[in-house]
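[1] Take this sequence and fold it.
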Amino acid sequence: MQWDNFRTKADQYTPPIKELELDGTVNALPAALAKSLVEVEKTTLFNNWKWKKMIEDTVAPEIQTAFRDRITGDGKSLQGQPHREIRLSSLMLLDAEQVAELCKGLETGGTGVGIEFTLVGNRTDRLHAYPESLKKGSLSDFVTELRELSLSSDEAKGLAGIHTTKLAEIDALMASVGKRIKDPHPFWSSVRQAVRDPFS
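    Next up, the predicted model:
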C-alpha cells in the first residue's frame, strides 16, 4: 500500500496512524510507542512507493520477457485447470524454503502457476504457466528462476531487504499494541505512576 491508497483529510493522505496523530488519539499511547508507529508508517509507505515503482519499471518487464521466451501461448489461465497464484512482489520476498513450498505439487495434476503484476496505477495483470505450456524444463525450476531473475539487481535486493525489515518492525509494534489492548495499564507503568503521583 502507498499514500494514495488512503483517503485525504485537510489535503493530506491519512493512513491509520497519521489519522490518529491528526486527531490526537495517538497521545493515549506511551510516547515512545506512538513515535515508533508514526515513523514506521511513514517510512514503510515511502519504501512501498519505491518498491512498486522499481517492480513496474524494471522487474515486471524482465519477468514478462521470461514468460514470452519460456512458454507457448499467451500466458492466459487454462480453463478447468488449477493453478497457484502469487503476486510478483510476494514472490520476491519468499525465502528458499517458502519457494520450495510454493513449488510443491506444481508438477502433478496439471497444476500451474499464475504471477500477478501490478501495472501503472492500480491495474493488475496475470501471466500463467503450466507444465505442458513450458517449452523446456520443469515448472518448479521456472518459478525458482523467476524469483532469482526478479532479485538479480542490487536495487531489487536492497529494497527487498528493507521491505523484510519493515515487515518485522510492524509485527513487533503490532505485538506491543496488542499487549496494550489486553493490559492498557501494565504493572510497571502503574508502579511508576504511583511513585510519581505523591511528588506531583
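[2] show me where this protein has strands.
    8-9, 12-13, 83-87, 112-118, 124-129 (DSSP state E).
[3] Deepest in the core, which of the ones you listed is it.
    Mean neighbours per residue, mean count of other Cβ atoms under 10 Å, is largest over the strands of the chain for strand 112-118, with a mean of 19. Just so you know, the C-beta spots here come from the backbone N, C-alpha and C atoms, and that holds for glycine as well.
[4] Against which helices or strands is that one packed?
    With contacts taken as 3 or more Cβ pairs under 8 Å, 6 or more residues apart in numbering; DSSP states H and E, strand 112-118 sits against helix 60-70, strand 83-87, helix 88-93, strand 124-129, helix 139-150.
[5] Same list (the strands of the chain) but as CSV, adding mean pLDDT and distance to Leu22.
    What follows is these, written out as CSV (pLDDT from 0 to 100; distance: least, Cβ to Cβ, whole Å):
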stretch, mean pLDDT, distance to Leu22
strand 8-9, 82, 6
strand 12-13, 82, 8
strand 83-87, 90, 31
strand 112-118, 89, 28
strand 124-129, 89, 31
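[6] Any chance of a markdown table for those strands, columns distance to Leu102?
    Formatted as a markdown table, the strands of the chain follow (distance: least, Cβ to Cβ, whole Å):
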| stretch | distance to Leu102 |
| --- | --- |
| strand 8-9 | 38 |
| strand 12-13 | 34 |
| strand 83-87 | 7 |
| strand 112-118 | 8 |
| strand 124-129 | 13 |
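[7] Compare those strands and report which one is nearest to Leu93.
    strand 83-87 (9.5 Å; Cβ to Cβ).
[8] Need the contact partners of that closest one.
    With Cβ atoms under 8 Å, 6 or more residues apart in numbering as the test, strand 83-87 has contacts from 77, 102, 105-106, 111-116, 118, 126, 128, 130.
[9] want to try TSV for those, with distance to Thr44 as columns?
    TSV is the format used below for the contacts of strand 83-87 (distance: Cβ to Cβ, whole Å):
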residue	distance to Thr44
Ser77	32
Leu102	25
Gly105	33
Leu106	32
Thr111	34
Gly112	33
Val113	28
Gly114	27
Ile115	24
Glu116	21
Thr118	17
Arg126	26
His128	31
Tyr130	36
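[10] Need the max-distance pair from these.
    Gly105 and Thr118 (26.0 Å).
[11] now the helices and strands packed on strand 112-118 in CSV, with distance to Lys18?
    Output for the helices and strands packed on strand 112-118, formatted as CSV (distance: least, Cβ to Cβ, whole Å):
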stretch, distance to Lys18
helix 60-70, 29
strand 83-87, 25
helix 88-93, 23
strand 124-129, 26
helix 139-150, 31
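[12] Tell me which of those sits nearest to Ile181.
    Ranking the helices and strands packed on strand 112-118 by their distance to Ile181 (criterion: Cβ to Cβ) puts helix 88-93 first, at 28.0 Å.
[13] Show me what that closest one packs onto, helices and strands only.
    Where contact means 3+ Cβ pairs under 8 Å, 6+ apart, helix 88-93 is packed against strand 112-118, helix 139-150, helix 154-182.
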